[in-house]
Each structure stands twice: as C-alpha cells, then as structure tokens.
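Peer 1: I would like to see how this sequence folds:
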Amino acid sequence: MSKNRNFYIQLFLLSLSIIFVLFFSWTTSPLYSELPLEYYDSAVYKVIGKFWAEGFVPYKDFWDQKGPFIHFLNLIGYLITKTGLGIFYIQVISLYVTLVANYRIIHLSCNEKVSLLFTTLIACSLSINYDGGNMVEEFLLPFISIAYYFLCRYFFTPTNTSNLLKFCFFAGLSFAVSLTTRLTNALGICACEGVILLYLLFRHEMRLMLKGFVYSIVGAFIILLPTFAYFLYYDALDDLWYGMFQYNMEYANTSSTTEIKSLSKFFILYFNCFLLIIISIYGFFVTRRKYYILGLISALVPLLWFYESFQFAHYGMIVFPLLAISIIYLHHIPENISAAKYIRRGLIAVILSVILYGVIFRIHQQYQTIASANKQNNIEIFYNKLFNDYSINKKSVLLYNGSGYIYMKGNIKPPIRFFFLHDFLIHNGKSIEKKILTDLEKVKVEWIIATGDIQSSIIKEYVDINYKKVCTRNSCVLYKFKKSNHSNSINN
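Peer 2: Have a look, this model is predicted:
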C-alpha cells in the first residue's frame, strides 16, 4: 500500500469517526450542546470528572459503581477544554483507533475497497448499541479491537508467535480497563485468552504459555499499578475497591434476569454474538480449523452474560469487533465446499438487513430523545424555581434519588459521596445502605429534595427525626434540616 493511499484511508476513517460521534453522541456532541439532553450514566461521569479536575478524589469525595478509568477520561476532557467538549475529542480518537483496528482485521482477508466498505458498515452498526455516547464500553473498544487484530493475525500465521504475545498484552490491557470500568466487559476476550493458554499447556508449549501469561500481566499492570498507587496515596484504596469490585459483585447478582423481555430486540442488540456463533459452528464443521472454536467462545461467553444481565443496549458495544471477525471467518470458508457460496451470500444479506433495521430503529429512537428534550428542560426549570423560591443553598443540597444531570447543569457540588439514584443503588447492593446513612449523619446536609417513594425509603426515619417538611411539588418533597445552627462539612 502506498503512503498516499494509506493517508486517504486513515483520513476517511477519521472523518467517519468525527461524523459518527457528532451525530450519535448526543451527551457530548456540539450539535446538541444547546439541547437539555443527558443520559444518567454520562451525567455521573461528567460530574465526577469535572470535580476530579478541580482537585477532589473519586470514591473518597464522590462515589460511583464504575471504576475510575471512565472518570479519568472525563477528567482529561475537562482539563482540555474546561467543558464537556473535551470528552467529545477523546471519543473521536477512541472510535478512530477502533475503526483502524477493525479495518485491519478485515483487510487480513479482503482488499482495501471491500475492507473500507465493511468497516463503514460495521461503524454504522455501532449506532445500534450507542446509548448517547460517553459510555464505558466505547472507551474499551480500542483495546479489545487491537487485541482481536493480533489474535486474527496469529490465526493465519501461527508460526509467528509475536502476534500471540501482542494479543496477550492487549488482552491484559483490556482486562485492566474492564476492571477499572465494568469487569464483565472483558469476559469474551479473557475467555478466549484462557483457552489459548490452556491449549498451549496441553501441547506442552510451556515457554510460550508462560510468556503469554507474563505479557498479559504486564499489560494489566500498566493500568492497574498507577491506578492503585494514586488511590493509595490519597488514602482512598478501600473506597475504590468497594466501588470498583465489591459493590459490583452484589450488583451482578441482582441484575441477573434470566429472562428475555423482547426476543427480537435481544437478537438485534447482540446480533454480533449470534452471527459469529453461527459462522464459527459452520466454519468448524466444514474446515475443522481450530480458530473457529475461539470465535465460538468469544461470542458465546458474553452472550450468556447479556442473557443474565439487565440487557442494556450499550452492553453490546463490547462485542463490536466480532462483526469484523465474522466477515473474515466467512471469507475463509472455501467456496468449493458444497453450498458455501449460497450460505455466504445469505449470511451477508442477513448482516445487511439486521444492520439496516437496527440503524433505522436507533435513528428513530434518537429522534424521539431529541424531540423530548423539553422534558429535561422542564426538570431543570423546576429545580431552579424550587431553589429560588426557598433560597436553597446550592452548597448543601442533596437530590435524593436524583440523577447527575441537575448537579452538572447547575454546577452543584454534591454534598455527600453517594449523590444519585440512591434507592436504585440500595436495591442492587444492600451493603451501600449503611454507607449512605453514615454520610448523611456525618455531613448533615441543609436541604434534601427527595423523589420517589420516600415513605419506604431507607432515609425516612433519619429525615423524620432531623428534618422538617417544607413543601411537596409534583413528585418531589423538600426537606430542611431542623437545627438553626446547622453546619455543613462541605463548606469547611
């Protein structure tokens, strides 16, 4: 490939990344900056990233159930531009690296034009799982995609063990990024690496197996060591471990649904898994090539997790590279095998149909989200009026069961570590209940605006003793601390 052609390919992929994030990331895109749009998770990441940039420490000052990697990227975004626009730039870079890696996966079997065509197609398919942007999965994609690229190179040149070691290194990085975001995101690639290392063990290739294991450890430690060192320095390691791991073990158990609410939606959201499973079974049956087994494992393990989980759309982003792998797997099934040509064409038709349907559905859903932007605007107006009517001190107000949206839009520093969706957090992890009450008793927030069923909430008894009810508006109840000599540790 000439340098000029490579330059134009990279420019095309970069342009594709910019257009995609610009259109689909309505939580960070400058296209939607004037609209009151936000997603629950993204708002929390922005709040923590913003105040981390101002010198506060995550988990010690502001808690979240996700690991610090996503908050660190939001911190970098705010350091770059002092606004959420910096996060948009990071998203573009992340998607660009992801598309380059997936292009190179496809280019292992296809020519440049076909590779670009399929890369554009799979980029469009990402919109199906793209819940407004600034989600943990999209920032994991570069690491997973590069890991799968080296794994695919190893498939086709097994004598070149350097590709296997590079895969192990990036699999270790992917594991570390997942551990510092959501551990279950690395299930597929970790299962794949585990099978490879066991295979090497059974073949008595101990040296290569140990080297692969060491490369994985080194990859993981590049992220984990500075992360743990930072929080150890700020005496927040226990807080980090609880938010990053302990609470999420409870959450994973609670989120087990073992029920598919909509079979068609489940199929569309996690189509990449179904596709690779079908192609891997067919490919192994007709060729007996071992790498089809790894494809099957890479797809089956995360699919089982999706079945057990809350089945949110953005979960499916972690299997985005499986579509590129499916394409090259399909390409490597010899056409001289009976009916292979027709099966290949049929599967390509299914791929195109599912992606087209999914993209249309996502665009329609995004249109509805934008059309309902006034709803969030009305929420913001409601809270601002409440603040003004009762001269609420924004330095000491807790939005019980609220999201991060009002904190972010109102530039309000949360008064306690646990500042969002309290009853939801408690429902999915009982251990957090005592921590929330301890923080409330320690800080003695001046104002509490509670939404939801406060009568059955864990703070009912605490509020009844320490607060007086000021008013009820819509579904919100405003409380004020009873003691006139109230002092708030947040102000100290």
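
Peer 1: ok, now which ones touch residue 159?
Peer 2: Residue 159 makes contact with no residue under the criterion C-beta atoms under 8 Å, 6 or more residues apart in numbering. In short, each C-beta sits where N, CA and C put it, glycine included.

Peer 1: Shouldn't it be within a helix?
Peer 2: No - Residue 159 sits outside any helix when classified using DSSP: H, G, I helix; E, B strand; the rest coil, being coil.

Peer 1: All the helices of the stretch 151-300 of the chain, residue numbers only.
Peer 2: With helices called from DSSP state H, counting those that start in this stretch, the stretch 151-300 of the chain shows them at 161-179, 187-202, 206-233, 237-241, 247-254, 263-269, 271-287, 291-308.

Peer 1: Give me the below-cutoff pLDDT ranges for this protein.
Peer 2: Scanning the chain for pLDDT under 70 picks out the ranges 1, 37, 255-260, 337-338, 374-376, 484-492.

Peer 1: Which stretches in it count as strands?
Peer 2: Along the chain, counting by DSSP state E, strands occupy 397-400, 447-451, 467-473, 476-481.

Peer 1: Distance check, the residue lying closest to residue 170 once chain neighbours are set aside against residue 140.
Peer 2: In space, residue 170 comes closest to residue 147 once its chain neighbours are excluded; the distance is 3.6 Å by C-beta to C-beta, 6 or more residues apart in numbering. With distances taken as C-beta to C-beta, to the nearest Å, residue 147 is found 10 Å from residue 140.

Peer 1: go on, residue 294?
Peer 2: For residue 294 relative to residue 140 (C-beta to C-beta), the value is 19 Å.

Peer 1: just residue 346 next, same as before
Peer 2: 32 Å.

Peer 1: ok, now residue 157?
Peer 2: 26 Å.

Peer 1: try residue 325
Peer 2: 16 Å.

Peer 1: and the closest residue to residue 452 other than its chain neighbours, what are its phi and psi?
Peer 2: In space, and not counting its chain neighbours, residue 452 is closest to residue 401: 4.4 Å by C-beta to C-beta, 6+ apart. Torsion angles at residue 401 (phi, psi; degrees, to the nearest 10) stand at phi 70, psi 10.

Peer 1: residues in contact with residue 401?
Peer 2: Contacts of residue 401 by C-beta under 8 Å, 6+ apart are 421, 422, 423, 424, 450, 451, 452, 457.

Peer 1: and which of those residues is nearest residue 18?
Peer 2: Distances from residue 18 to the contacts of residue 401, taken as C-beta to C-beta, are shortest for residue 421 (32.5 Å).

Peer 1: Quick check: the gap between the residue lying closest to that closest one once chain neighbours are set aside and residue 272.
Peer 2: Spatial nearest neighbour of residue 421, excluding adjacent residues (C-beta to C-beta, 6+ apart): residue 401 at 6.2 Å. Distance, residue 401 to residue 272, using C-beta to C-beta: 35 Å.

Peer 1: Residue 79: neighbouring residues, count only.
Peer 2: For residue 79, the count of nearby residues is 12 (other C-beta atoms under 10 Å).

Peer 1: wait, doesn't it sit right on residue 55?
Peer 2: No - using C-beta atoms under 8 Å, residue 79 makes no contact with residue 55, being 11.7 Å away.

Peer 1: Now list whatever residues contact both of the two.
Peer 2: By C-beta under 8 Å, 6+ apart, no residue touches both residue 79 and residue 55.

Peer 1: center of the protein, which residue is that?
Peer 2: Nearest to the mean C-alpha position of the chain, by C-alpha atoms, centre = their mean, lies residue 136 at 2.4 Å.

Peer 1: for this structure, which helix is longest?
Peer 2: helix 340-371 (DSSP state H).

Peer 1: Which strands or helices does it pack on?
Peer 2: Other elements packing on helix 340-371 under the criterion 3 or more C-beta pairs under 8 Å, 6 or more residues apart in numbering; DSSP states H and E are helix 112-126, helix 263-269, helix 271-287, helix 321-331.

Peer 1: Tell me which of those is the most buried.
Peer 2: Among the helices and strands packed on helix 340-371, ranked by average contacts under mean count of other C-beta atoms under 10 Å, first place goes to helix 321-331 (a mean of 25).

Peer 1: So what touches it?
Peer 2: Contacts of helix 321-331 (C-beta under 8 Å, 6+ apart): 101-102, 105-106, 108-110, 118-119, 122, 125, 141, 144-145, 148, 152, 188, 272-273, 275-276, 279-280, 283, 292, 295, 298-299, 344, 347-348, 351.

Peer 1: hmm, 6 Å instead?
Peer 2: Residues external to helix 321-331 that are found in contact with it (C-beta atoms under 6 Å, 6 or more residues apart in numbering): 102, 105-106, 108-109, 118, 122, 144-145, 148, 272, 275-276, 279, 283, 295, 299, 344.

Peer 1: now the residue lying closest to residue 292 once chain neighbours are set aside: how far from residue 326?
Peer 2: With C-beta to C-beta, 6+ apart as the criterion, residue 292 has its nearest non-adjacent residue at 3.7 Å, and that residue is residue 284. Separation of residue 284 from residue 326 (C-beta to C-beta): 14 Å.

Peer 1: Determine the residues that are contacts of both of the two.
Peer 2: Joint contacts of residue 284 and residue 326 (C-beta under 6 Å, 6+ apart) do not exist.

Peer 1: Same list (the helices and strands packed on helix 340-371) but as CSV, adding distance to residue 408.
Peer 2: Below are the helices and strands packed on helix 340-371 laid out as CSV (distance: least, C-beta to C-beta, whole Å):
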stretch, distance to residue 408
helix 112-126, 25
helix 263-269, 28
helix 271-287, 32
helix 321-331, 32
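
Peer 1: Out of the ones you listed, which is closest to residue 382?
Peer 2: Across these, residue 382 has its closest neighbour in helix 263-269 (32.2 Å, C-beta to C-beta).
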